[in-house]
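Visitor: sequence? don't have it. structure:
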């Protein structure tokens, strides 16, 4: 929880690069904390690292499902779909 809080503080200050290692460590320390996965995915999106964001959201969705956290699962599923859609749009205009 402390690592996530530190990362969010860095993120709010605009120091996204400093936030990443704290969220990565948070997911290592507690791989069953869906909030850390969600925050990591969001951070990667902000950094433009969409492949890493997709992986974070996929891991987070799995964790949320296992824990019965429907709200986190739904939010990360929506964010993941946007990334997938965006990736499809990048390869050619007028995607579905």
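Guide: Noted; the coordinates are in hand. Since the structure is predicted, the reported quantities are computational estimates derived from the model, not experimental observations. Residues are numbered from 1 along each chain as shown.
Visitor: List the residues that contact residue 77.
Guide: 57, 61 (CB atoms under 8 Å, 6 or more residues apart in numbering). Quick note: C-beta positions are derived from backbone N, CA and C, even for glycine.
Visitor: which parts of whatever helix or strand it lives in are buried?
Guide: Element membership for residue 77 (DSSP states H and E) is helix 70-91. Within helix 70-91, the residues scored as buried using 16 or more other CB atoms under 10 Å are 72, 73, 75, 76, 77, 79, 80, 83.
Visitor: check which helix or strand covers the spatially most central residue of the chain.
Guide: The centroid of the chain falls nearest to residue 41 when counting by CA atoms, centre = their mean (1.3 Å). For residue 41, the host element (DSSP H and E) is helix 34-47.
Visitor: what's the answer for residue 25, then?
Guide: Using DSSP H and E, residue 25 falls in helix 16-29.
Visitor: Pass me the low-pLDDT residue ranges in the chain, would you?
Guide: Along the chain, segments meeting pLDDT under 70 span 89-96.
Visitor: And residue 57, how close does it get to residue 42?
Guide: Counting by CB to CB, to the nearest Å, the gap between residue 57 and residue 42 amounts to 9 Å.
Visitor: Now residue 31. Nearest residue, chain neighbours left out?
Guide: residue 63 (7.1 Å; CB to CB, 6 or more residues apart in numbering).
Visitor: who's in contact with the one you found?
Guide: 31, 32, 33, 34, 37, 69.
Visitor: OK, contacts around the third one?
Guide: Which is residue 33. Here residue 33 is in contact with 1, 4, 26, 27, 63 (CB under 8 Å, 6+ apart).
Visitor: Residue 53: which of those is nearest?
Guide: residue 27 (13.1 Å; CB to CB).
Visitor: Return the distance of that closest one relative to residue 87.
Guide: From residue 27 to residue 87 the distance is 23 Å (CB to CB).
Visitor: cool, and residue 22?
Guide: On the measure of CB to CB, residue 22 and residue 87 end up 27 Å apart.
Visitor: Good, we can wrap up now.
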